[in-house]
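Student: coordinates only, sequence not included:
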């Protein structure tokens, strides 16, 4: 039988084509890098679902940084996630972290509260 996959790209079939692949299609909610099965959720050392949804197959590595740097900077985002963005996603500056990568910067009060941590992520 078929195995359900969240966020993966499946293959559709052409009508009357006897199962011949016709086009790619998204099967599931998607989000982040790589296909993720429902079994990759939190528990037994697994990363939380929010990290899996955002980072896909890289979620376990991100989770290690989050565990080492669990301080929340806003909207549930941790210092570990900021560090990941700087080291592995090519974040350019604090504005990039807050506005583009985490969306914390969209609310001025949240931006002001998180700005020191975002700046500090570039000096670690």
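Tutor: Here it is on my side, so go on. Just so it is clear, the structure is predicted and the values come from calculations on it, not from any experiment.

Student: mean confidence for whichever strand or helix holds residue 116?
Tutor: Using DSSP states H and E, residue 116 sits within helix 108-121. Taken as a whole, helix 108-121 has an average pLDDT of 98.

Student: now what about it, what contacts it?
Tutor: Residues from elsewhere that reach helix 108-121, judged by Cβ atoms under 8 Å, 6 or more residues apart in numbering: 71, 73-75, 77, 79, 82-83, 85-86, 91, 94, 97-98, 102, 104-105. Every residue, glycine included, has its C-beta placed from N, CA and C.

Student: Mind checking which of these are in strands?
Tutor: In strands, judged by DSSP state E, the following of those are found: 73, 74, 77.

Student: Among those residues, which one lies nearest to residue 52?
Tutor: Taking Cβ to Cβ as the measure, residue 52 lies nearest residue 77 of the ones in strands among the contacts of helix 108-121, at 15.2 Å.

Student: what about this structure, any weak spots by pLDDT?
Tutor: 1-44 (pLDDT under 70).

Student: where along it do the helices fall?
Tutor: Residue ranges of the helices in the chain, as given by DSSP state H, are 49-55, 59-68, 79-88, 94-95, 108-121.

Student: Redo those as JSON lines? Include mean neighbour count.
Tutor: What follows is those, written out as JSON lines (neighbours: other Cβ atoms under 10 Å):
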{"stretch": "helix 49-55", "mean neighbour count": "20"}
{"stretch": "helix 59-68", "mean neighbour count": "18"}
{"stretch": "helix 79-88", "mean neighbour count": "21"}
{"stretch": "helix 94-95", "mean neighbour count": "17"}
{"stretch": "helix 108-121", "mean neighbour count": "16"}
